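Student: Prediction below, plus the sequence it came from.
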Amino acid sequence: MLQLSNISWSIPGGEHILKDINLTFQDGKLTVITGPNGGGKTTLAKLIAGLEQPASGSILLDGKDITHMDITQRAKNGISYAFQQPVRFKGLTVRDLLELAAGFNLQEADLCTLLSKVGLCARDYMDREINSSLSGGEIKRIEIASVLARRTPLMIFDEPEAGIDLWSFSGLIDVFLDARRNLKGSLIIISHQERILSIADEIIVISGGVVTASGPKSAILPGLLSENDGGCDWCSKGPKKGGN
Amino acid sequence: MKTITEKLLETISDWKDGFSGAYSIREDGKCAEFRSTDTIRIEPKQDLPGLDIHVAPGTKGETVSIPACVTQGDIDDLVYNDFYIGEGADIIISAGCGVHNDSGEPARHNGIHRFFLAKNSHVLYREKHIGTGGGDGKRSIDPVTSIFLEEGAVMEMDTSQIGGLDDSNRKTNAELAAGSRLTIRERLLTEGNQQAHTDFEVSINGDGAGVDLISRSVARGDSHQSYRSHIIGNAKCTGHSECDAIIPENGTVSAAPELDARNQDASLIHEAAIGKIAGEQLLKLKTLGLTETEAEAKIVEGFLR
């Protein structure tokens, strides 16, 4: 179980991004965090994974205070984080990354199992460098596989659907359903996608740096789907036409 | 052959109690052993130190190994090796140089290699350079490689300098005829106060020819590296050079790529990136449980592979 208490974070010397966040992620649950862009969702994920340190508040993982642990320590304590924008490496191959994630050498059968989950053929990809020759969708799938390879109790995926084509989307949903079935801890997904929201146990809405709604999917999702996302106030009021 | 030579051979070549194909082992400025095969003839030069190596047309799947080792200080070795690759041959050439120096005197190896590839031949050329030993004497190499590709010939050159050399000046030049292709992959690691300079000059003279130069280097400590490439497109051709360098500490790297299009159908591209290890790369590997030091080592290891 992951507990965030009174978590706040600001851009150094500037704007408050997260304000007094209190959340509990129960074991055995798939929680989807959603909300408008710039609302603080990715920052929250980075605070959990240790990529950022909170200005105040505490983070407990299974009762253990991990607030001041660095990224490596948190990873070793069972937290995995799939980046929204995966990192490219000149020289490191897909096999290298997955073996680093797993913590041991992988057999070809292991690579097949991992990569086929994200819709990639191990034969074609395992020896490829994780460089700019990979498309956005390909590198996103490899990023997801790198988290699956770790088999940690807590997994966080930051907008995993970004860059994944429509035809592969069902496969992605299957990945999370499978992870949900075998879950020993918590699965957290940041997403705007209705199909991902629809497989959640719990939904948390973060907007303007605060939690505006949280609860079981059945309580939160209907309200989200009925909301109007009609752009900005300025445009809806009608800016001047014809320049100047 | 000295024990140090055997150790150096294990590092710079595929030597394991011997070589399987044609070979010549140079030790402290002299030929220690050599062997020709039915299709690969190795002959000592008459007028200069070094070898003429003739590969018969159509030779396939054979290897030539010509490592050179300097095992002590106060040696300044200069060798000229010429490779004549027959039409349609397809072989692997393994070279490389190990300089071991436990003394206070300088030790240097200067290998001047020329490759003449006849039509439609293919060579995979691998060379590794390394310096070892605990003496204060300078360990240096100054390899010069000249490559001449006839029509349709293909040469792939993998060259690496994997540490321990105080000073290296590497010059590579090539002339490409129509339909030929040259790929050079260079890996350089310098540490401490070491210096490494690399200089490529490639003239693409025939339609459909192309060159791909890929240099990756890491300049650790206070070391310095310089990279210069000059690709001259004289025909309808493609030329690409890429220089990537990581400077983890106080190392310095200067890159001076030059593209010279002398034909309007010459398509020439250069890419260069120099900087410290990307912070995002370290973060990603840390999220997999690696420490900062482990992450940096993995990134450098992969980069120089």
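Tutor: Ah, there it is. Keep in mind it's a predicted model, so treat the numbers as computed, not measured. Residues are numbered from 1 along each chain as shown, chains lettered A, B, ... in the order given.

Student: my read is residue B:283 is in a helix, agree?
Tutor: Yes - counting by DSSP: H, G, I helix; E, B strand; the rest coil, one finds residue B:283 located in a helix.

Student: what's around it, how many residues?
Tutor: Under the neighbour criterion other CB atoms under 10 Å in any protein chain shown, residue B:283 is assigned a count of 19. C-beta here means a position set from N, CA and C on the backbone, and glycine is covered the same way.

Student: That one reaches residue A:81, doesn't it?
Tutor: No - the pair residue B:283 and residue A:81 does not pass the contact test of CB atoms under 8 Å, sitting 9.3 Å apart.

Student: which residues do those two both contact?
Tutor: residue A:51 (CB atoms under 8 Å, 6 or more residues apart in numbering or on different chains).

Student: does any part of the longest helix anywhere in chain B sit near chain A?
Tutor: In chain B, taking DSSP state H as the definition, the longest helix is helix B:292-303. Yes - between helix B:292-303 and chain A, judged by CB under 8 Å from any CB of the partner chain, the touching residues are B:292, B:298-299, B:301-303.

Student: Just list what that helix packs against, helices and strands only.
Tutor: In terms of contacts (3 or more CB pairs under 8 Å, 6 or more residues apart in numbering or on different chains; DSSP states H and E), helix B:292-303 is packed against helix A:94-102, strand B:210-219, strand B:238-246, helix B:279-287.

Student: Return the set of buried residues in the last one.
Tutor: Meaning helix B:279-287. For helix B:279-287, the neighbour count (16 or more other CB atoms under 10 Å in any protein chain shown) marks B:281-287 as buried.

Student: which of the residues of helix B:292-303 next to chain A tops the neighbour count?
Tutor: When the residues of helix B:292-303 next to chain A are compared by neighbour count (other CB under 10 Å), residue B:299 ends up highest, at 24 neighbours.

Student: Was I right to think that residue contacts residue A:96?
Tutor: No - with contact taken as CB under 8 Å, residue B:299 and residue A:96 are classed as non-touching, separated by 10.2 Å.

Student: ranges for the strands of chain A?
Tutor: A:2-10, A:16-25, A:30-34, A:56-61, A:64-65, A:79-82, A:154-158, A:186-190, A:202-207, A:210-216 (DSSP state E).

Student: Can you tell me which of the ones you listed is packed in deepest?
Tutor: For the strands of chain A, the stretch with the most neighbours on average is strand A:79-82, a mean of 26; neighbours defined as mean count of other CB atoms under 10 Å in any protein chain shown.

Student: what's the neighbour count on residue 182?
Tutor: Picked chain A for this. Using other CB under 10 Å, residue A:182 has 8 neighbouring residues.

Student: Let me rephrase: I mean chain B.
Tutor: Counted with other CB under 10 Å, the neighbours of residue B:182 add up to 25.

Student: Leaving out chain neighbours, which residue sits closest to it?
Tutor: residue B:211 (4.6 Å; CB to CB, 6 or more residues apart in numbering or on different chains).

Student: and the one you found, what are its bridge partners?
Tutor: Residue B:211 has these beta-bridge partners by DSSP bridges: residue B:182, residue B:239.

Student: next one: the one 5 residues further on
Tutor: Following DSSP bridges, residue B:216 is listed with bridge partners residue B:187, residue B:244.

Student: The residue in chain A that chain B sits nearest to: what's it in contact with?
Tutor: Scanning chain A for the residue nearest chain B gives residue A:91, at 3.4 Å (criterion: CB to the nearest CB). Contacts of residue A:91 were listed using CB under 8 Å, 6+ apart, and they are A:129, A:131, B:216, B:299, B:301-305.

Student: got it, and residue B:175?
Tutor: When contacts are counted by CB under 8 Å, 6+ apart, residue B:175 touches B:147-149, B:202-203, B:205.

Student: And residue A:74, by the same measure?
Tutor: Taking CB under 8 Å, 6+ apart as the contact definition, residue A:74 lies against A:48-50, A:61, A:66.
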